[in-house]
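**Q** no FASTA, just this:
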């Protein structure tokens, strides 16, 4: 079965990033497909590679990147939410003349259409957040 | 339909809204702080006890454990599931609605 996941809450905020991650892993371990994980609102903050949590804490961003690498996941960050919160990839850096970018491995910035498409093409869309 | 509730009934009215708008026969999974709605003898327990006949209630075990809540403190008739159980419920039910 084809699943997509929406994350509407930032990392280290409450629990949504963790719940979404463990749910996504459980979906994959049961042999189902994750079509897309869409990061919206404060959820876009999951996608910055500049986070440096204490060494004895989980690194939520790296954990997503690693899972994406292992399972070839499509991690999509909403562009409008990302611009507001300073989540920048190379294209956005050029387009908005910023001095750097910070998108983490495995994430890409795209539009809300990607969420609508995930909703239409997936058998189940499960949302986590505040 | 599977409904998830991730807020404590002492913090927001997500559980009440879910119960008002969900259809009889629905499955309701309490996750994160939503698990506080499953406690026996609390002021919010009636939310669930009034709907036990026509809805199936579940709590996410890891979230219970993270809050130090023993299963003996749950309202009778509520089932504990892990993340695999969460996925199975999402597969069995035709849609998933998250109440936040």
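**A** Ah, there it is. On a predicted model such as this, the values are computed, not experimentally measured, just so you know.
**Q** Can you classify residue B:57 by secondary structure?
**A** Using DSSP: H, G, I helix; E, B strand; the rest coil, the structure places residue B:57 in strand.
**Q** how near is it to chain A?
**A** Relative to chain A, residue B:57 is positioned 18 Å away (C-beta to the nearest C-beta, to the nearest Å). To be clear about C-beta, it is placed using only N, CA and C from the backbone, and glycine gets the same treatment.
**Q** check which helix or strand covers the closest residue to chain B within chain A.
**A** Among the residues of chain A, residue A:26 lies closest to chain B, at 3.8 Å counting by C-beta to the nearest C-beta. Using DSSP states H and E, the element containing residue A:26 is helix A:16-29.
**Q** what's the pLDDT at the residue positioned nearest the centre of chain B?
**A** Centroid check for chain B by C-alpha atoms, centre = their mean gives residue B:30 as the closest residue, at 2.9 Å. pLDDT for residue B:30: 98.
**Q** go on, residue B:56?
**A** So, for residue B:56, pLDDT stands at 98.
**Q** likewise residue A:130?
**A** 87.
**Q** So the nearest residue to it once chain neighbours are set aside: helix, strand or coil?
**A** Spatial nearest neighbour of residue A:130, excluding adjacent residues (C-beta to C-beta, 6 or more residues apart in numbering or on different chains): residue A:9 at 4.9 Å. Here residue A:9 is recorded as coil under three-state DSSP.
**Q** Excluding chain neighbours, what is closest to the closest residue to chain A within chain B?
**A** The minimum distance from chain B to chain A, using C-beta to the nearest C-beta, falls at residue B:83 (3.8 Å). Distances taken as C-beta to C-beta, 6+ apart put residue A:26 closest to residue B:83, at 3.8 Å, once the chain neighbours are dropped.
**Q** where does chain B come near chain A, residue by residue?
**A** B:4, B:6, B:31-33, B:62-63, B:82-84, B:86-88, B:90-91, B:95-96, B:98, B:100 (C-beta under 8 Å from any C-beta of the partner chain).
**Q** Residue B:94 is in what secondary structure piece?
**A** Secondary-structure assignment from DSSP H and E places residue B:94 in no helical or strand segment.
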